[in-house]
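Participant: With the sequence up front, the predicted model follows.
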Amino acid sequence: MEKQVFLEIRGVEKAFGQGETRVNVLQGIDLAVYKGEFIVLLGPSGSGKSTLLNIIGGIDAPDAGELTVGGSPLRQMNEKELTEYRRRHLGYIFQQYNLVPNLTVRENIEVGAYLSRDPLDVDEIMEVLGIRGQQHKLPNQLSGGQQQRCAIGRAVVKNPEILLCDEPTGALDYKTSKDILGLIEKVNERYGATVVCVTHNDAVGHMADRVIKLKDGRIRRIIENETRVKAADLEW
Amino acid sequence: MVAGFGMKRKRQKNPLRRRLWRELRSDIAKYIAVFFIMILTIGLCSGYQVSGNSMVRSYYEGFEKYRIEDGHFRVRDVLNRQQKREIETLGVKLCELFCVPRELTNGTHIRIYANRYDMDKLCLMKGAWPEQENEIALDRMYANNNGILIGDTITTQKGEAYTVTAFVAFPDYSCLFENNSDTMFDSVNFGVAAVTPAAFSAFPAEETQHVYAWTYENRPQTEAEKKNAGDAFFEDLKAAVHVEDYLPAYLNQAITFTIDDMEDDNTMMTVLCYMLIAIIAFIFAVTSKNTIVREAAVIGTLRASGFSRGEIVRHYLSLPVAVSLVSSLVGNILGYTVFKDFCASMYYGSYSLFTYRTFWTPAAFLQTTVVPLLLMLAINTGVLYGNLRKPVLGFLRGDLSASRNRRAPRLPVRLPILSRFRLRVVLSNVSSVAIILVGALFANLLLMFGMALPQVLDHYEAKLPENMIAAYQYMLTVPLSEDYPNRFAETLGMLSFANEVTTENETAEPFSAYSLRSNDPKRVVEDVTLYGIRKGSRYVSIRHGADGVYVSSAFAEKYGLAVGGGFTLYDPYEETDYGFTVGGIYPYDAAVAVFMDQEKLNETFGLGSGAFVGYFSETPITDIDESLIGAVIDKDALSKVSRQLKNTMGDLMYAVDALAVVIFLIVVYLLLKLIIEKSAHTVSVMRILGLRGKEIGRIYMISLSASVAVSFVLSIAIDYFFLKALYKVMIGQMMKGWLPLDIGADVFVKMILLGLGAYAAVALLEYRKIRRIPMDLALKTVE
């Protein structure tokens, strides 16, 4: 079956600062992401992977280049349209979870469901993520792993076309990290969401369809994995 | 040489200091708001305390400086030398204070005295003492209220014309009560004046009232001593001469009202000041807590690096304390300059006060500056220490929640998620909403007071016609000076007097009356008129055979009386207590009065069957000799209270309203700002997730607005009941008579509109801020 390009990035550039302090964070990125694909953006600190993720998420705008999602160019979108884009198409998972502290686990996930026209079942998501027993707890009553599960729930319940993960395991221990990666993998396989995951952990690249290696704002290498390693089998 | 171990180095200043200025600049709006509210509070409180204390002190000094009387009495004829000597042997010094009452062509009344040089000496406020016989010095307050200027000519109804040369203050008339039994003073329609002794001697002798003032050789100090001395002197005086009127200074409203009012105000202002400071302190406390949460990572790092808890507390205390210090300094300077004059002018606008000197009052400084600063320091230190007790790791992880075990209250899942979100916003900001409620309680109490009082006066005046017993009440002059050998002869005399005061007016209905005095220690002593109503009265409808007496609605409301209850009144001349049972409440708000069967009253007080002392009438009575009419109580007389209070307090009430709105504005601004800051991170996440600006705004603004609106309405309801209770106590302690607290719905509507209008202005500002919160707050450091 022919792969369908879902996200197309052409010549994207981004710099921060001015004059002598100017840093070119992204220097001409070209990339096509296919529908349902699991992509890992790998690179050291300062390589530009998070900036690229934020541009894909419509949170930041490129200085040059084009980015098209499902045929719609992001650059032409105004603030309102970008909000709609995030609302309808994206799920976001942060390193620091970013749960709403005064909402319970269930309510945090329901906020995600509210944003979607075609949300998944909240109870089913909690069941899949193993946090149903915690549904009435506030985020500060949960462990880091449980909080990240909840954050995944909030992102996934929208039934998003793209799931953006920014160092989703960066704040977690080895075992919990593997659990969380397993859940993201499940979401990709079970719900068909395109996953773009930023990490600096090489091992995570093995579970992806493709690994995009970034350095100094450029794509240095693209590795296509013939077979994806299950998250549970990853070692680092 | 390289600095090494064991070498002493100059101790480095704490580098954290550099953050203070930046923190101040980054949060300048908050500090300006706090600065402003503190200056206003401390300035007003210290201004009030300084002017009040200085005036009170000057007033008491005035007792010696102006030799204020210890009392005065009136006799029919001039005392001869022998009588004077006899009285002075009772341990007093006498002084003539003869006066002549006059009505001016502008319809007002003045009492003209000869200039005093011995006792109750006058204080020259402006102009020059009268020297010619056609010159007069007028009370400053009365002149102001009637637009009389120095150089103007005033003319009496009898045709005497005087040129005003001076404005003066009479120390025995700091408050212009025409009669001591008046419910309220009337500085518009009544004034006092002084002419030269030569000019005074030109008045006809029969028009002169022979008043003698006295001072004790050993002046009593306490209230009890004053009462005992007054009672004892009265007994001795009665034995020496026939007294027409007797009034010791401690019972003379013209002398005591001002000082009582100033002292009461002082207490009220102190309480008010502390309430304001407490609100500010709590705002600081909440702000400090918010700062700790916001700066958790910094604090954690500093603590982990070796900074002690004390150092951190001192660091975070520095700005609030600095702001408090500077604002109390500025507040005090303003208090001693601008606000002092403002507060003094309020008293000078009501009372005929003599000049005062400004005294540095350590107590005022302590109350308005030291105590608030200590309060501020204590609350902030407490909050900071309490919060910094949490483990360093908690700070580093940004987990400062009070308790991990605290469960979130369950909300019905059926409710839409945004509704639950709004409820959660309210629940997580309960402490801030509680402070808004406290602020609203305080501001609304002021606002209600400021808005309701003018309305109370308006309503009282508007309802007077329907509240009056009759359009005219004539109180006849009972010939007190007759010396009856016994009660029987007195009754006969009264009856013969009754024959002289018959009228052809068909609407006239005679009534008898007797005056007793209230003796409730919690309230101001006042004379209570007991009306004897004849059977079948067209004016007062009471059940004549009923047990007990009827009390006026004013009496019932002021003293909390109900049917079946009892009360006691005191006869100061007979020194007898009279107990009564309330048989009914008669709708009459204009006076504290008792209504009973005429015959029963006459019998109780030995007035003789059929005796009467006045008439109720629908139309003016024209066929009784004016000299036999002591007083006419008509609409004009009854509206004296409201007129005077309006004159005195009108502008003050607007100032109170403005203060209330400003306080509410600042409290709401500070707290909303705080809540929004606290929620900034969540708002940022919401934006990334795709919630629209309007949706996020509504989540916060609807919930917060609803909380503010509920707090506001709730505070109005609480304040209403509180004001009702407070009003009763205030009127009971400060004023004779009664003004019903009649607050119309429009006051509540205005209050809600004003309060929510102020909130809307602040909310709009904050709403814009919410929509501008950037998304990168929720992201990890941007590369």
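Facilitator: Ah, there it is. Numbering: from 1, shown residues only, chains lettered A, B, ... in the order given.
Participant: of all of chain A, which residue lies closest to chain B?
Facilitator: A:Arg87 (2.9 Å; CB to the nearest CB). Any C-beta I mention is one placed from the backbone N, CA and C, and that applies to glycine too.
Participant: Now do the contacts for the residue of the stretch 401-550 of chain B found nearest chain A.
Facilitator: Closest contact between the stretch 401-550 of chain B and chain A, by CB to the nearest CB, is at B:Ser428 (3.8 Å). Counting by CB atoms under 8 Å, 6 or more residues apart in numbering or on different chains, B:Ser428 touches A:Pro101, A:Asn102.
Participant: which residues of chain A fall in strands?
Facilitator: A:5-16, A:23-34, A:38-42, A:64-69, A:72-73, A:90-93, A:162-166, A:194-199, A:210-215, A:218-224 (DSSP state E).
Participant: could you list every residue that touches whatever residue of the stretch 551-700 of chain B ends up closest to chain A?
Facilitator: In the stretch 551-700 of chain B, the residue found nearest to chain A is B:Gly690; the distance is 2.9 Å by CB to the nearest CB. Taking CB under 8 Å, 6+ apart as the criterion, B:Gly690 is in contact with A:Thr83, A:Glu84, A:Tyr85, A:Arg86, A:Arg87, A:Arg88, A:Leu90, A:Leu115.
Participant: Show me which of the residues you listed are buried.
Facilitator: A:Thr83, A:Tyr85, A:Arg86, A:Arg87, A:Leu90, A:Leu115 (16 or more other CB atoms under 10 Å in any protein chain shown).
Participant: and B:Tyr550, that one's in a helix?
Facilitator: No - read with DSSP: H, G, I helix; E, B strand; the rest coil, B:Tyr550 is strand and lies in no helix.
Participant: Which strand residues bridge the residue nearest the centre of chain A?
Facilitator: By CA atoms, centre = their mean, chain A has its centre lying nearest to A:Leu164, at 1.4 Å. Beta-bridge pairing of A:Leu164 under DSSP bridges involves A:Tyr92, A:Val196.
Participant: Hmm, it is touching A:Ile56, no?
Facilitator: Yes - with contact defined as CB atoms under 8 Å, A:Leu164 counts as touching A:Ile56 (6.3 Å).
Participant: Common neighbours of the two, please.
Facilitator: Joint contacts of A:Leu164 and A:Ile56 (CB under 8 Å, 6+ apart) are A:Val196.
Participant: for chain A, which spans come out with low pLDDT?
Facilitator: A:1-2 (pLDDT under 70).
Participant: for it, longest helix please?
Facilitator: helix A:174-191 (DSSP state H).
Participant: How far away from the center of its chain is it?
Facilitator: Put simply, helix A:174-191 sits 12 Å off its chain's centre (CA atoms, centre = their mean, to the nearest Å).
Participant: Tell me which other helices or strands that helix touches.
Facilitator: helix A:122-129, helix A:144-156, strand A:162-166, strand A:194-199 (3 or more CB pairs under 8 Å, 6 or more residues apart in numbering or on different chains; DSSP states H and E).
Participant: and of those, who's closest to A:Asp173?
Facilitator: Minimum separation from A:Asp173 across the helices and strands packed on helix A:174-191 (CB to CB) falls at helix A:144-156, 7.8 Å.
Participant: is that closest one anywhere near chain B?
Facilitator: Yes - interface with chain B: helix A:144-156 contributes A:Arg154 (CB under 8 Å from any CB of the partner chain).
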